[in-house]
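In: With the input below, show me the fold.
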Amino acid sequence: MSNDMNQTMHDFKAGMNMMVNEAPTVMKALDGFMNEVLCNRALDSKTKELIALGMAITASSIIASGFMSIAPCWRV
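Out: Purely as a prediction, here's the structure:
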């Protein structure tokens, strides 16, 4: 990753940690939501990750693209 992406992901993780401290109920709900989205039911996890990556690339979202690079360890 470039330095810009490293900084972006560092800032993203710092923001997520701040949210855990400032709004733990919201983050617990987000964690539950993400667990439901990522669990294997109709689509396996890899297929869902590829769909999300395609959506991020289509939207030209640097944060979403970077987020997908750490998807297996997204939790803070």
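
In: For this structure, identify the residue most remote from the centre.
Out: In the chain, the greatest distance from the average C-alpha position (Cα atoms, centre = their mean) is reached by residue 42, at 20.4 Å.

In: That residue: what secondary structure?
Out: coil (DSSP: H, G, I helix; E, B strand; the rest coil).

In: Phi first, then psi, for it.
Out: For residue 42, the backbone dihedrals (degrees, to the nearest 10) come out as phi -70, psi -40.

In: Quick check: pLDDT value at it.
Out: The per-residue pLDDT reported for residue 42 equals 80.

In: Also the one 4 residues further on?
Out: According to the model's per-residue confidence, residue 46 sits at a pLDDT of 83.

In: How about the helix or strand where it lies, which residues are buried there?
Out: In this assignment (DSSP states H and E), residue 46 forms part of helix 45-58. Residues of helix 45-58 classed as buried: 48, 52, 53, 56 (neighbour count, 16 or more other Cβ atoms under 10 Å). For every residue, glycine as well, the C-beta is placed using N, CA and C.

In: Past the top helix by length along the chain, which element shows up next along the chain?
Out: Among all segments of the chain classified by DSSP state H, the helix with the greatest residue count is helix 3-22. On the C-terminal side of helix 3-22, the nearest following helix or strand under DSSP H and E is helix 24-38.

In: wait, isn't residue 48 in contact with residue 34?
Out: No - counting by Cβ atoms under 8 Å, residue 34 is not a contact partner of residue 48; they are 10.9 Å apart.

In: Around residue 39, count how many other residues there are.
Out: Neighbouring residues of residue 39 were enumerated by other Cβ atoms under 10 Å; the total is 11.

In: and it, what does it touch?
Out: Under the criterion of Cβ atoms under 8 Å, 6 or more residues apart in numbering, the neighbours of residue 39 are residue 45.
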